[in-house]
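K.L.:
Quick one, what's the 3D model for this:
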Amino acid sequence: MVRVSRALLGFHGSGISADLLKILVCPLSKQPLRFCPKTNSLISDSIGVSYPIINGIPQLVPTDGKFISEDDASDSTLKGSTCSEN
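P.N.:
You can find the predicted model right below:
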């Protein structure tokens, strides 16, 4: 079990493995999440919420999410390239 968990999480110190990212979805919108290396978090673009990754573990409890500022979320030129949190 521990070996499987380490393989899924990647244990790169920060970030998340690509395999795990493929299966994770936003707990509220059920849409795919994207990884933001700048803030070490998972972003739900569909609802504009950022979920932190702490010690390699995504914190996907809805109350742990933070809203991304509306300026960043609505700017289509920045979407996907920045990961600012509110």
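
K.L.:
Next, the buried residues of the top strand by length along the chain.
P.N.:
The longest strand of the chain (DSSP state E) is strand 49-54. Neighbour-count burial for strand 49-54 flags 49-53 (criterion: 16 or more other C-beta atoms under 10 Å). Yep, even glycine has a C-beta here, placed from its N, CA and C like the rest.

K.L.:
between the residues you listed, which is closest to Cys26?
P.N.:
Val49 (6.9 Å; C-beta to C-beta).

K.L.:
Leaving out the residues flanking it, which one is nearest to the closest one?
P.N.:
Counting by C-beta to C-beta, 6 or more residues apart in numbering, Gly65 is the residue found nearest to Val49 once chain neighbours are left out, at 4.1 Å.

K.L.:
where exactly do the helices run in this protein?
P.N.:
For the chain, the helices defined by DSSP state H cover 2-9, 18-23, 70-74.

K.L.:
and the gap between the residue nearest to Val49 and Gly48?
P.N.:
10 Å (C-beta to C-beta, to the nearest Å).

K.L.:
Between those two, which is the more surrounded one?
P.N.:
The residue with more neighbours, out of Gly65 and Gly48, is Gly65; 22 against 18, by other C-beta atoms under 10 Å.

K.L.:
That one against Ser50, yeah?
P.N.:
Yes. With contact defined as C-beta atoms under 8 Å, Gly65 counts as touching Ser50 (6.5 Å).

K.L.:
Need the residues touching each of the two.
P.N.:
Ser44 (C-beta atoms under 8 Å, 6 or more residues apart in numbering).
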